[in-house]
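# Build me a model from this:
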Amino acid sequence: MSGVNCDKEVSMGLKGKVYKSVVRPAMIYGADTWPITVAQERKMEVVEMKMLRWMCGVTRKDRITNEFVRGAVKVGPMGKKIQESRLRRYGHLQRKGEEYIGNRAEDIKTEDEVEG
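Below is the predicted model of the structure:
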């Protein structure tokens, strides 16, 4: 994919589509089940911006804003995509029956919760 994303002959729109359909899913694979921290989410967003800037042929020295780069490639923030993925997974779990092990595990209370 780096051949497409590096090529100056390829339009930004096509680069964005390749990024959204190939690169981003590989980066956030399984993120809906991770206990991700704010620091980890921030690191993923930094890596994403580095890739998007690299695709556009822009450096930090050019002083072009992240919003402009995202708009050129038509890509939204990664944190929002991770949140959508988590909500989608949560919805799937909620629609399963009470007998599903995931739903039963969600209702387990620890000793501290029982005593308090």
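
# quick one, what contacts Asn103?
Asn103 makes contacts with Leu93, Gln94, Lys96, Gly97, as judged by CB atoms under 8 Å, 6 or more residues apart in numbering. For the C-beta atoms, the positions are set from N, CA and C on the backbone; glycine is no exception.

# In strands only, show me the residues you listed.
In strands, judged by DSSP state E, none of these are found.

# need those in a markdown table with pLDDT and neighbour count, can you?
Listed next are the contacts of Asn103 as a markdown table, based on pLDDT from 0 to 100; neighbours: other CB atoms under 10 Å:
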| residue | pLDDT | neighbour count |
| --- | --- | --- |
| Leu93 | 79 | 11 |
| Gln94 | 80 | 11 |
| Lys96 | 83 | 11 |
| Gly97 | 78 | 6 |
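
# just those residues now: which is nearest Thr37?
Leu93 (21.7 Å; CB to CB).

# burial measure for the closest residue to that closest one other than its chain neighbours, as a count.
Ranked by CB to CB, 6 or more residues apart in numbering and with sequence neighbours excluded, the top spatial neighbour of Leu93 is Gly102, at 5.3 Å. Neighbour count for Gly102, taken as other CB atoms under 10 Å: 11.

# Wait, Gly102 touches Gln94, no?
No. Using CB atoms under 8 Å as the test, Gly102 is too far from Gln94 to be in contact (9.9 Å).
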